[in-house]
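>>> Okay, here's the prediction I keep looking at, along with the sequence it came from:
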Amino acid sequence: MNVPRRCCRPGCPHYAVATLTFVYSDSTAVVGPLATVSEPHSWDLCVLHAGRITAPRGWELVRHAGPLPAHPDDDDLVALADAVREARDGGMPSSGVVAGFSDPGPAAHGGA
């Protein structure tokens, strides 16, 4: 399941749309589209922080040439909602009875 990630900047409530990574061997910081998975040595940024970020002194900053979305892809949010709905409706109906299962009654459970 793909849960939308938030910007890593302290106090920022916005969803991430870009990922900042560092290529230490080249002294390069790269701001690109949001990575498909969260990596331990990368930082997810909202559109505002992705546009304002600067590289450390002596480093080069490379930015993605295309525009970054202002918010997470609506398709991702729809997919998340569909996955929740499918899990709710497909596996266990709201009645709590599993489809195709019939309770043989109290006698089978040691009751009278």
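The structure has been received and is ready for your questions. Residues are numbered from 1 along each chain as shown.
>>> can you map out the helices along the protein?
Taking DSSP state H, the helices of the chain run over residues 47-52, 74-90.
>>> Check these for me: which has the lowest mean pLDDT.
Lowest mean pLDDT of those: helix 74-90, a mean of 56.
>>> Can you name the residues that contact the closest residue to residue 26 other than its chain neighbours?
Excluding the flanking residues, the one nearest residue 26 by Cβ to Cβ, 6 or more residues apart in numbering is residue 60, at 7.5 Å. Every residue, glycine included, has its C-beta placed from N, CA and C. When contacts are counted by Cβ atoms under 8 Å, 6 or more residues apart in numbering, residue 60 touches 26-29.
>>> Ok, residue 48 next?
Per Cβ under 8 Å, 6+ apart, neighbours of residue 48: 12, 14.
>>> and if we set it to 10 Å?
Counting by Cβ atoms under 10 Å, 6 or more residues apart in numbering, residue 48 touches 7, 9, 12, 14, 17, 70.
>>> With adjacent residues omitted, what lies nearest to the first one?
The reference is to residue 7. The nearest residue in space to residue 7 (Cβ to Cβ, 6+ apart) is residue 46, at 3.8 Å.
>>> Repeat that for residue 9.
Residue 9 sits nearest to residue 49 (Cβ to Cβ, 6+ apart), 5.0 Å away.
>>> quick one: that neighbour from residue 39, how far?
17 Å (Cβ to Cβ, to the nearest Å).
>>> higher neighbour count, the two?
residue 49 (20 against 11; other Cβ atoms under 10 Å).
>>> what sits against that one?
7-9, 12, 14, 16-18, 20, 31, 43.
>>> Residue 26 now?
With Cβ under 10 Å, 6+ apart, residue 26 has these contacts: 59-60, 62.
>>> Same check on residue 32?
18-21, 42, 50, 62-66, 68.
>>> PyMOL command to pick out the buried ones of those?
In PyMOL syntax, the buried subset of the contacts of residue 32 is picked out as below (16 or more other Cβ atoms under 10 Å):
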select buried, resi 18+19+20+42+50+68
